[in-house]
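> Quick one, fold the following:
(one chain, ligands or ions: 1)
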Amino acid sequence: RLILSFEARAKLAKNPISEQLFKIMRCKQTTLCVAVDILNSTDLLNFAERVGPHICALKTHIDILEDFHPNLLQPLQEIAKSHNFLLFEDRKFADIGKTVEYQYSKGLYKISSWAPLVTVHSLMGRGVLDAIKTSEGLEKRGVFLLAEASAAGNLISDNYVKETIKMAEEYPELIAGVVCQNPLFLNNPGLIQLCPGVQMENKQDNLGQRYNSPLTVVLEKGADIAVVGRGITQSSDPACAAERYKKMLWDAYLQRIESSS
Ligand code: UP6
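Below you'll find the predicted structure:
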């Protein structure tokens, strides 16, 4: 169990964004990251405004918006600033370094100009991390490296997980943490464990997604941050649902650090 407090771990973080994230979590008392998988820009902004007070990060898939226009990005950044949460584009980069450089900083989305946090697959090796590190964009940036997946039947082996952790530890100034389903970083509390596949209502969806409860991910799976998508987006009152998840996750975190003393 990772029993150090976020306050203590902020001091151990080597990446400026993970340090900021630890501080936001502590200050807002939330480890909730909402996955806002919504297809319309106005809905996305309204949703961000409503759940903003309860989250430490807003995870987007910007390329699923059917009406994307770069004008969306300024109001989205303003909402993030006003509610003190981080924008997190879940692009899961997985190509050669040069292509990732373009995907990260060019094209329609110019991700590096507005998202301080992104996800990367370790599959293609270190070139991807070198590309994220050297591309133009925001000065402070952090990467969550995907070590494990919530999807049933995924092809990730134990060795892949081990090598991914090794890679993450080779880029301390760039890596904010890993996307995982188990406690992987007990020896490296400066890194953040982010766990998707969290919901109270369902155990799975009909396309291979698998869910754990907030209590299970924090107390058994080592989650520092829990990602909740449809558990909140499909609720009739998303702000109320976000608050409920926030509280359950925070209580579980307190239980985790208190059980050490
Ligand atoms: N996500 C997973 N599992 C992973 C990695 N990422 O579900 O292993 C992402 C998905 C989605 C969100 O891309 O945006 O987390 C989960 O959404 P849900 O809670 O609605 O299932």
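> Which residues of this protein lie near the ligand?
With C-beta under 6 Å from any ligand atom as the criterion, the chain meets the ligand at residues 35, 37, 61, 90, 149-151, 179, 196-197, 199, 209, 227-231. Every C-beta, even on glycine, is put in place using the N, C-alpha and C of the backbone.
> Tell me which entries of the residues you listed lie within strands.
A35, D90, V179, V227, V228 (DSSP state E).
> hmm, back to that, buried subset of the residues of the chain next to the ligand, written for ChimeraX?
Per 16 or more other C-beta atoms under 10 Å, the buried members of those correspond to this ChimeraX selection:
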select :35,61,90,149,150,179,196,197,199,209,227,228,229,231
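> from this structure, which residue is nearest to the ligand?
With C-beta to the nearest ligand atom, the shortest gap between the chain and the ligand falls at G229, namely 2.5 Å.
> Against A242, how distant is that residue?
G229 sits 11 Å away from A242, going by C-beta to C-beta, to the nearest Å.
> Mutual contacts of those two, please.
Contact criterion C-beta atoms under 8 Å, 6 or more residues apart in numbering; residues shared by G229 and A242: V34.
> Which residue lies nearest the spatial centre of the protein?
With distances taken as C-alpha atoms, centre = their mean, the residue of the chain nearest its centroid is L194 (5.7 Å).
> Was I right to think that one contacts L146?
No - L194 lies out of contact with L146 (C-beta atoms under 8 Å); the separation is 9.4 Å.
> Between these two, which contacts overlap?
V178, V179.
> before we move on, back to that, and the two most separated of the ones in strands among the residues of the chain next to the ligand?
Using C-beta to C-beta, the pair of these lying farthest apart is V179 and V228, separated by 14.1 Å.
> hang on, the earlier thing: now the residue nearest to the centre of the chain. Nearest residue, chain neighbours left out?
Leaving aside its sequence neighbours, L194 sits nearest to I225 (C-beta to C-beta, 6 or more residues apart in numbering; 4.6 Å).
> Identify the residues contacting the one you found.
Counting by C-beta under 8 Å, 6+ apart, I225 touches L21, M25, T31, L32, C33, C56, A57, G177, I192, Q193, L194, C195.
> try I257
I257 touches I3, L4, S5, counting by C-beta under 8 Å, 6+ apart.
> From those residues, keep the buried residues only.
Of the contacts of I257, these count as buried by 16+ other C-beta under 10 Å: S5.
> Low-confidence ranges, the stretch 151-261 of the chain, go.
Within the stretch 151-261 of the chain, the ranges that satisfy pLDDT under 70 run 260-261.
> Try it again at 80.
185-186, 259-261 (pLDDT under 80).
> And the stretch 1-150 of the chain, by the same measure?
Filtered on pLDDT under 80, the stretch 1-150 of the chain yields the residue ranges 1-2.
> So for stretch 4-15, what gets flagged as buried?
S5, F6, R9, A10, A13, N15.
> could those go into JSON lines alongside secondary structure and distance to D205?
Converted to JSON lines, the buried residues of stretch 4-15 look like this (DSSP: H, G, I helix; E, B strand; the rest coil; distance: C-beta to C-beta, whole Å):
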{"residue": "S5", "secondary structure": "coil", "distance to D205": "34"}
{"residue": "F6", "secondary structure": "helix", "distance to D205": "31"}
{"residue": "R9", "secondary structure": "helix", "distance to D205": "32"}
{"residue": "A10", "secondary structure": "helix", "distance to D205": "35"}
{"residue": "A13", "secondary structure": "coil", "distance to D205": "33"}
{"residue": "N15", "secondary structure": "coil", "distance to D205": "32"}
